[in-house]
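can you look at this prediction? I've put the sequence above it.
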Amino acid sequence: MHRFALCVWLAALTSAAFAFDNGQYDHVPPDIRSWFKSVIAPNGVPCCDISDGHRTDYDVRAGRYWVPIEGQWMEVPERAIIRDRGNPVGEAVVWYVHHRGAIIISCFVPADAV
């Protein structure tokens, strides 16, 4: 499925609207924008785009990543952790959606990913 079609499908599946690029990302260099568009979860699903990723703090607890999302710390599922795409932004990035009242983390790239 084409990445754009997948993002549209995920938006329809979730109860919250995705963030859209209405020009607020114009200052992002082309290589960073390209990286956001190329990130794919370990299960093969694209993480979508720069407007869908959220730069975030994170913590490591008992060897597991935790991120703050909408005021609560959530454990990042192993299936969402991307370690092989590098991280040119220098901050951790998390992609998540709202689905049936729950927050689902679909992708996470730690700040030190190589």
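Okay, I see it.

for residue 62, see how far away the most centrally placed residue in the chain is.
When Cα atoms, centre = their mean is applied to the chain, the residue found nearest the centroid is residue 95 (2.1 Å). Using Cβ to Cβ, to the nearest Å, we find residue 95 at a distance of 23 Å from residue 62. Heads up, the C-betas are built off the backbone N, CA and C, glycines and all.

ditto for residue 40
Residue 40 sits at a distance of 27 Å from residue 62 (criterion: Cβ to Cβ).

residue 31 touches residue 88, doesn't it?
Yes: with contacts defined as Cβ atoms under 8 Å, residue 31 counts as touching residue 88 at a distance of 6.6 Å.

report pLDDT for residue 50.
Reading off the confidence values, residue 50 has pLDDT 62.

one step back: in which helix or strand does the residue nearest to the centre of the chain reside?
Here residue 95 sits within strand 92-99, counting by DSSP states H and E.

hmm, back to that, more neighbours, residue 31 and residue 88?
With other Cβ atoms under 10 Å as the criterion, residue 31 and residue 88 differ in neighbour count, and residue 88 comes out ahead with 13 against 8.

what helix or strand does that one sit in?
Assigning secondary structure by DSSP H and E places residue 88 outside every helix and strand.

re earlier: so what's the residue nearest to the centre of the chain up against?
Residues in contact with residue 95 (Cβ atoms under 8 Å, 6 or more residues apart in numbering) are 39, 47-48, 52-54, 105-108.

highest neighbour count among those?
Result: residue 108 is most packed of these (other Cβ under 10 Å), 27 neighbours.

how about the helices of this structure, start to end?
Under the criterion DSSP state H, helices of the chain are mapped to 3-13, 30-38.
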